[in-house]
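J.: Here you go, sequence then predicted model.
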Amino acid sequence: MKKYYYVWLLAFLLLTACAGKDTEPAEPQKDVSAEEVATKDEGEAVKNDGQTEAEEYVPKEVQYYEIENPGRDVTELEKELLRYPGIYSGDDYDEAKVKEALDKLPDDLTEAEYLEELKYLLTEDYHEELETFLHFDSSVEVDVVRPDETIDSPNVKTAHYAILIDASGSMKAMVGNKNRMDAAKEAVLEFAEQIPENATISMRVYGHKGSGSDADKELSCTSTENFYNGNFEDGKFKKALEKVKPAGWTPIGLALETVKEDIPENTDDVIVYVVSDGIETCGGDPVKAAEDLVSADIETVVNIIGFDVDNEGQKLLKEVASAGNGEFTYVDSEQDLKKYLRAQYQEIQQAWYEWKEAGKQQAYESKEEKKKLAYETKESMKRKSYQEKERMKKAQQYLKEKFDEIGHPASSPLYSLVVDYGKEKYRYAVDVGTKAYRESVESGRKQYRDYVEEGNEKIRETIKKKNE
C-alpha cells in the first residue's frame, strides 16, 4: 500500500511538470524586425517598448543666387526670385516624377511646409531676369561730337584758322568802288565772325613793309608778321585788320613757312586761307612750303583765294593749293570773295544737320534697344511665373486628392498660397518691367528732342550769319 502511494505521487509530479512546459513560448516573439530597425534613417525609429514613430520633418535647404553690386538692398520678394530653380523646373519638368516626390512626403505637414516642398520641386530660375532689372539703366545717353564748323573735318575737337593776307602794293588796285585790300578785309572779317567759339584764329600779313621798289625788295620780301592770334574777339580783330596796309612785294613762301609759329599746341586741325592777288615775287618756294605744312603731325589744309589774278598767277597758285591738299578759288570781285566764304558756312550748316540727324538716330536706336530689353525681360519673367504657378496648381490638386482621402485640412489654404505666390512674382515682372520700359521711352524722347532743338538752333544761326 505504501509502495503504491509513492508510485502515484511520482506520476502526479511528472504530469504537473509537463503541463507547466506547455504554457510557455518556445522562443521570444519580435514585434520589430531587424530590417525595420535598419531603416531608421529613412524615417522610423524603435521605441523601448517595441513601437515605431515617424522621424521629425526636416525642411529642404534653400540656396540663393548672389547678384554683384545690386545698387541697393534686395527686397524679400527679390530674394525669393533668386532662389535656385526647382529640380523639376523649366525643361526638366516631369509630372510623373513630381507625383512620385509628393507621394514620399509625410501626411502631417502644414500648408506652409507643403508649399516649400512645391518650391523645391517647381520654382523657376529668375536670377538672370532679376539681375537685368536690378542693373537696368533706363537713361538714354547720346554723345555725338558737335561740329567745329570747319569745312574738311566738321567733327574735329579743336581747330585753328590761319589767314594769310597779301599786303603787296598791287592790293591797292581798285575793284569797283574800293581797292582790293579793303574788299579782302571785309570778307576776312565776315569769315572770322563765323568761326566756332572754341576754335582759334590767327592773322598773318606778308609783304607789308617797304615798298614795291627794287630798293625795298629785300625788306619787303623778308617781312611777315602775326597781327592776331587767339579766340575771335570782334574789337581786337578789327583793330588788327586796320593796321594792314598794302605796301611791297609778295613773299607767299615765307608766309607759309612761318605760319607754323601761329598754330597753338594740341590743335587737331589747321585750315590755312591765303588771300593773294598775285604770285610769289620774292624767289621763295610756296609749293614746297605748302607740302611741308601738310606733312607735319597736325592735319593741315592750305586753301588759296586768288583775288583778280591773271592766268599765269592762277596756274601757280593752283599748284600751291594742290601741294597743300586744299583748293584754289579764283575771285575777281568783292562779291565773289564773299560768295566763296559764305559757301564755307553751307558746309557748316550741313555738318550741324548731320550732327542733329546722327543724334536723333542714336537716341532712337538706344531707346528701342532699352525698350526691347525691358519688354523681353518682363515677358520672360511673366511666362516663367505663369508656368510655375500652373505646375504648382497641378501638384496641389494631386495633393488635394490625397488630402480628401485622409481628411487633411491643408487643401484650401495650400491652393491660396500657391496662387498668391505665383501672382506676386507675375505682378513684380509687370510693375518693374513696365517702369523700365516707360523710363527708357521718356529718356530716349528727351535726348531726341534735345538734338533736334540744338541742331535746328545751330542751323538757324549758321543760315543767319551766312546771309548777313
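T.: Received it, and whenever you're ready, just let me know what you need.
J.: least trustworthy helix or strand in the chain by mean pLDDT?
T.: helix 34-38 (a mean of 34; mean pLDDT, DSSP states H and E).
J.: Just say helix, strand or coil for residue 59.
T.: At residue 59 the chain is in coil, as set by DSSP: H, G, I helix; E, B strand; the rest coil.
J.: Please name the residues that touch it.
T.: Contact analysis of residue 59 by Cβ atoms under 8 Å, 6 or more residues apart in numbering lists 113, 116. Glycine gets a C-beta too; all of them are placed from N, C-alpha and C.
J.: Quick check: which element contains residue 119?
T.: Residue 119 belongs to helix 111-122 when assigned by DSSP states H and E.
J.: And that helix, what does it pack against?
T.: Judged by 3 or more Cβ pairs under 8 Å, 6 or more residues apart in numbering; DSSP states H and E, helix 111-122 is in contact with helix 95-103, helix 334-406, helix 411-467.
J.: Compute the inter-axis angle for the first one and helix 111-122.
T.: For helix 95-103 and helix 111-122, the angle between their directions (axes from the mean of the first three to the mean of the last three Cα atoms, to 10 degrees) works out to 150 degrees.
J.: Show the average pLDDT along helix 95-103.
T.: Helix 95-103 shows a mean pLDDT of 95 in the predicted model.
J.: Where does pLDDT dip in the stretch 351-468 of the chain?
T.: Counting by pLDDT under 70, the stretch 351-468 of the chain contains low-confidence ranges at 406-411, 465-468.
J.: Apologies, that question was intended for the chain.
T.: For the chain, counting by pLDDT under 70, the residues that fall below are 1-55, 148-157, 331-338, 340-341, 406-411, 465-468.
J.: for residue 227, helix, strand, or coil?
T.: Going by three-state DSSP: residue 227 is strand.
J.: make that residue 280, sorry
T.: Per three-state DSSP, residue 280 ends up coil.
J.: cool, and the one 3 residues further on?
T.: What three-state DSSP gives for residue 283 is coil.
J.: who's in contact with it?
T.: residue 221.
J.: Now it. Its backbone dihedrals?
T.: phi 80, psi 10 (degrees, to the nearest 10).
J.: ok, now residue 89?
T.: Main-chain torsions, residue 89, degrees, to the nearest 10: phi -90, psi 170.
J.: before we move on, what about residue 311?
T.: Per-residue torsions, residue 311: phi -60, psi -40 (degrees, to the nearest 10).
J.: how many other residues sit next to it?
T.: Neighbourhood size, residue 311 [other Cβ atoms under 10 Å]: 8.
J.: Would you check how far apart it and residue 318 are?
T.: According to Cβ to Cβ, to the nearest Å, residue 311 stands 11 Å off from residue 318.
J.: what's around residue 390, how many residues?
T.: 13.
J.: whoops, residue 396 was the one
T.: If we define neighbours as other Cβ under 10 Å, then residue 396 has 23 of them.
J.: show me the contacts for it.
T.: 114, 118, 414, 415, 418.
J.: and the residues you listed, which are buried?
T.: Using 16 or more other Cβ atoms under 10 Å as the burial test, the contacts of residue 396 include 114, 118, 414, 415, 418 as buried.
J.: now, among these, which is nearest to residue 375?
T.: Closest approach between the buried ones among the contacts of residue 396 and residue 375, by Cβ to Cβ: residue 418, at 27.4 Å.
J.: Look up the closest residue to the closest one, ignoring the ones flanking it.
T.: With Cβ to Cβ, 6 or more residues apart in numbering as the criterion, residue 418 has its nearest non-adjacent residue at 4.6 Å, and that residue is residue 392.
J.: Against residue 352, how distant is that neighbour?
T.: Using Cβ to Cβ, we find residue 392 at a distance of 60 Å from residue 352.
J.: go on, residue 319?
T.: 34 Å.
J.: what about the two, which has more around it?
T.: Taking neighbours as other Cβ under 10 Å, residue 319 and residue 352 compare with residue 352 leading, 23 against 16.
J.: residue contacts, that one?
T.: 147, 149, 455, 458, 459, 462.
J.: Leaving out sequence neighbours, find the closest residue to the fourth one.
T.: Leaving aside its chain neighbours, residue 458 sits nearest to residue 352 (4.3 Å; criterion: Cβ to Cβ, 6+ apart).
J.: for residue 451, same thing?
T.: residue 359 (3.1 Å).
J.: how many other residues sit next to residue 439?
T.: Per other Cβ under 10 Å, the neighbour tally for residue 439 reads 17.
J.: May I ask you to confirm that it is in contact with residue 137?
T.: No - using Cβ atoms under 8 Å, residue 439 is not in contact with residue 137; the gap is 9.4 Å.
J.: between the contacts of residue 352, which is nearest residue 60?
T.: Distance to residue 60, by Cβ to Cβ, is smallest for residue 455 among the contacts of residue 352, at 60.6 Å.
J.: which residues touch that closest one?
T.: Counting by Cβ under 8 Å, 6+ apart, residue 455 touches 352, 353, 355, 356, 357, 359.
J.: ok, the residues you listed vs residue 99, which is closest?
T.: Among these, and counting by Cβ to Cβ, the member closest to residue 99 is residue 359, at 59.4 Å.
J.: now that closest one: how far from residue 142?
T.: 5 Å.
J.: Equivalent analysis for residue 371, please.
T.: Remark: distance between residue 371 and residue 142 (Cβ to Cβ) = 15 Å.
J.: picking up where we left off before, contacts only, for the residue nearest to residue 418.
T.: By Cβ under 8 Å, 6+ apart, the contact set of residue 392 is 118, 122, 418, 421, 422.
J.: Could you give the number of residues near the residue lying closest to residue 444 once chain neighbours are set aside?
T.: Using Cβ to Cβ, 6+ apart and skipping the chain neighbours, the partner closest in space to residue 444 is residue 367 (2.4 Å). Residue 367: 22 surrounding residues under other Cβ under 10 Å.
J.: thought residue 367 was touching residue 445?
T.: Yes - Residue 367 lies in contact with residue 445 (Cβ under 8 Å); the separation is 7.2 Å.
J.: follow-up on the earlier one: switch the helices and strands packed on helix 111-122 over to JSON lines; also include distance to residue 174.
T.: Converted to JSON lines, the helices and strands packed on helix 111-122 look like this (distance: least, Cβ to Cβ, whole Å):
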{"stretch": "helix 95-103", "distance to residue 174": "102"}
{"stretch": "helix 334-406", "distance to residue 174": "11"}
{"stretch": "helix 411-467", "distance to residue 174": "27"}
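J.: Tell me how far the closest residue in space to residue 447 that isn't next to it in sequence lies from residue 139.
T.: Among residues not flanking residue 447 along the chain, residue 363 sits closest, at 3.8 Å (Cβ to Cβ, 6+ apart). Distance of residue 363 to residue 139, computed by Cβ to Cβ: 11 Å.
J.: what about these two, which has more around it?
T.: With neighbours defined as other Cβ under 10 Å, residue 363 and residue 139 compare such that residue 363 has more, 24 against 13.
J.: gap between that one and residue 354?
T.: Taken as Cβ to Cβ, the span from residue 363 to residue 354 is 15 Å.
J.: Likewise for residue 399?
T.: On the measure of Cβ to Cβ, residue 399 and residue 354 end up 67 Å apart.
J.: Same question for residue 372.
T.: 27 Å.
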